[in-house]
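Colleague: here is a sequence together with a model predicted from it:
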Amino acid sequence: MSGAIDAEKARQAALAPAVTDREKLERMGLLDQVGRRASISVDVSALPEEERKAAEAAAWAPIETLDRAHLAELLAMLPPEGWFLESVYGERAASAAFLIVQHSDLEQWRRFVPVLEPLVAAGEVDGQRYGLMYDRLAINENRPQRYGTQMTCKEGRWAIDHDNLEDPANADKRRAEMGFRQTLSEYEANFAHYPPCTP
């Protein structure tokens, strides 16, 4: 993971310095994703448990360090209206801001979920992003998720925990209302190619 992050940092260092917050966020968003994309291809499931945990911790350490730095930078540039509106910052920068907060912690999700909710109705925040953060907050507060976006490890594969889903019969309807293009089963199928997981 650190090699992918270092390569993206080097690529960005060769560019002219980012001048606007929009440019800064867009670059931060690229860095946020590059290590995570690399992690998907790494399968450590065959290692003994202690070695697997050590390998996972080592692989995620540079990602987590970057996450903390990005969050501090994002909070320092947070605009007075409380969020990076798509109409002002553009879709790519707004997406990057979401990813940075989504990859932060419970305190930030509690802070921003209520801020994002009315902005979805105003067209300033993508409904899918709101749904992802809402579900992450719910799971971490031991509540059922609403949109079925957060996966859990079941029998060595990533799956949706339907027993921990608010009103499962209407989950696909709620997803459609928020702009999710896939049903729960279609979304879950996206994870079939991921390496085996361990609970």
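Modeller: Cool, got the structure.

Colleague: CA atoms for contacts and neighbours, from now on please.
Modeller: Fine.

Colleague: tell me which stretches of the chain form helices.
Modeller: 2-13, 21-40, 49-76, 86-89, 91-102, 106-121, 127-140, 171-177, 184-189 (DSSP state H).

Colleague: where does the most far-flung residue of the chain relative to its centre land on pLDDT?
Modeller: Distance from the centre of the chain peaks at residue 48, with 28.3 Å (C-alpha atoms, centre = their mean). pLDDT, residue 48: 74.

Colleague: number the chain from 42, please
Modeller: With 42 as the first residue, the last one maps to residue 89.

Colleague: for residue 173, see how far away it is.
Modeller: For residue 89, the distance to residue 173 equals 32 Å [C-alpha to C-alpha, to the nearest Å].

Colleague: so the protein: which segments form each domain?
Modeller: Domain assignment for the chain by automatic domain parsing gives 42-82+89-145, 146-240.

Colleague: mean pLDDT for the ones you listed: which is lowest?
Modeller: domain 42-82+89-145 (a mean of 90).

Colleague: re the thing from before, the helices of the chain: which one's closest to residue 239?
Modeller: Within these, the stretch nearest residue 239 is helix 90-117; the backing value is 9.1 Å (C-alpha to C-alpha).

Colleague: give me the packing partners of that closest one, helices and strands only.
Modeller: If contacts are counted by 3 or more C-alpha pairs under 8 Å, 6 or more residues apart in numbering; DSSP states H and E, helix 90-117 sits against helix 43-54, helix 62-81, helix 132-143.

Colleague: pick the most buried one from the ones you listed.
Modeller: Counting by mean count of other C-alpha atoms under 10 Å, helix 132-143 has the highest mean neighbour count of these, with a mean of 22.
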